[in-house]
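Undergrad: Show me the folded form of this:
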Amino acid sequence: MEIFGLSQLLTNIMNVFGGSCKRLDGIREQQASKVIEALGLGEIISGRGLNQETSLIKPRDTHWGSHYGTFISMITLFPSVLDVLEIIAEDGATPEQKCEADMLINSLQTFDFIFSLHFMKKLLGITNELSQALQRKDQYIVNAMNLVRIWKLQLQILRDSGWDSMLTKTTLFCEKHEIVVCNIDVMFLLPGRSQRKYLKMTKLHYYRVELFYDVIDLQRTELESRFSETGTKLLLFMACLNPNNSFAAFDKNKLIELVRLYPKDFSDIDLEILDDQLETYILDKLNSSEFLNLNGIGDLAQNMVETKRYKLFSMVYLLIKLALTLPVSTAIVKRSFSAMKIVKNRIRNKMGD
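TA: Next comes the predicted model:
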């Protein structure tokens, strides 16, 4: 619930600033003045590439990294955002603008918001490299699978030993910006819930168990469902067909293991044929100039058809076609849903239609 509220609050903030160039310029001016002040006090150092001008980054539905950028920009520009909101609250053109700015100020200056903001920034920081790798082409799939393994390890480390540092970072940020730090030992009650019906807990229990642990566990569950052991093997085995760098990723044994996962498509006799055929296939590819500049398994399949080698290496070609049906990256699924969203919004309002 806190994470959903964080997302809604950031969306409201982006709507307030995104529709006005004057307000965005106001943030830049406020931030520039704060940088100059910090330089004068010796709190930060100057140098090439340091203290670059920045602005709020609006999250986009189909770009995972944009959400990470939104959290970073919000943390960096937090005091400047508050300053501009205070100006709007005092000098807004309409009472509605003043009221909205005032409510946003009150929401931003809470321990709940600051904790959720830093927590999600840390969580998405762990997953950022993986999300970027999954949007690249299949030659990066081995690196992506290694990142999956590292991601699992980082999530476990964060769960086991990251609570204290997260609480400390949130507390220091609140103190720096004069935000009241809540007493985590007092009883906690969600707003709008009856004390008689709601399970009593301390704020420490809520933030640590109900929020920190639960969100991490949800991420781990999602990761396991998307990258199961079998699914990971399929992607790694499939990468052995990649023709890049003169078929450097080729591994006959792994390809045989891939075929064994599809007993209905390859009989025991087919396995024996494929075992011998793969040796001839790789020698042919390494000694044929027309296969030197291929980029990806799709190009390989097309080239085999153009050179009529799909008839000569029928079992290998069947394996290549099978590999092309596997989900190379989640970017394909993401683009599909993006297209579906356009159709749903612009043509009909029901997915069934």
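Undergrad: Please enumerate the strands of this structure.
TA: 187-188, 201-202 (DSSP state E).
Undergrad: Turn the ones you listed into TSV, columns for mean pLDDT.
TA: Listed next are the strands of the chain as TSV, based on pLDDT from 0 to 100:
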stretch	mean pLDDT
strand 187-188	76
strand 201-202	84
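Undergrad: out of those, which comes closest to Y281?
TA: Set against Y281 and scored by C-beta to C-beta, the strands of the chain come closest in strand 201-202, at 62.4 Å. Where you see a C-beta, it was placed from the backbone N, CA and C, and this is true even at glycine.
Undergrad: What about the nearest residue to F212 once chain neighbours are set aside, how many residues nearby?
TA: Among residues not flanking F212 along the chain, W163 sits closest, at 5.9 Å (C-beta to C-beta, 6 or more residues apart in numbering). For W163, the count of nearby residues is 17 (other C-beta atoms under 10 Å).
Undergrad: please begin residue numbering at 29 from this point
TA: Okay, using 29 as the starting number, the last item reads as W191.
Undergrad: Next one: W191 from I185, what distance?
TA: W191 is 11 Å from I185, where distance means C-beta to C-beta, to the nearest Å.
Undergrad: remind me, longest helix of this structure?
TA: helix 139-161 (DSSP state H).
Undergrad: Show me what that one packs onto, helices and strands only.
TA: Counting contacts by 3 or more C-beta pairs under 8 Å, 6 or more residues apart in numbering; DSSP states H and E, helix 139-161 is packed against helix 30-46, helix 92-104, helix 169-189, helix 191-204, helix 242-254.
Undergrad: Give me whichever of the ones you listed is most buried.
TA: Of the helices and strands packed on helix 139-161, the one with the most neighbours on average (mean count of other C-beta atoms under 10 Å) is helix 92-104, at a mean of 18.
Undergrad: Taking helix 139-161 as reference, get the angle to that helix.
TA: Orientation check (axes from the mean of the first three to the mean of the last three C-alpha atoms, to 10 degrees): helix 92-104 against helix 139-161 gives 140 degrees.
Undergrad: Dump helix 92-104 to CSV, restricted to CA.
TA: This file holds the C-alpha atoms of helix 92-104, laid out as CSV (Å, rounded to 0.1, in the frame of the first residue of the first chain):
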residue,chain,number,x,y,z
TRP,A,92,11.8,0.3,-16.4
GLY,A,93,14.9,2.4,-15.9
SER,A,94,12.8,5.6,-16.0
HIS,A,95,11.3,4.7,-12.6
TYR,A,96,14.7,4.3,-11.2
GLY,A,97,15.7,7.7,-12.6
THR,A,98,12.5,9.3,-11.1
PHE,A,99,13.5,8.2,-7.6
ILE,A,100,17.1,9.4,-8.0
SER,A,101,16.0,12.8,-9.3
MET,A,102,13.4,13.2,-6.6
ILE,A,103,16.0,12.5,-3.9
THR,A,104,18.5,14.8,-5.5
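Undergrad: Quick one: mean pLDDT for that helix?
TA: Across helix 92-104, the average pLDDT comes to 76.
Undergrad: That helix relative to helix 191-204, how many degrees between them?
TA: 50 degrees.
Undergrad: T198 and H233, how far apart?
TA: 16 Å.
Undergrad: Oh, that last question was meant for V333, not what I typed.
TA: Going from V333 to H233 by C-beta to C-beta gives 62 Å.
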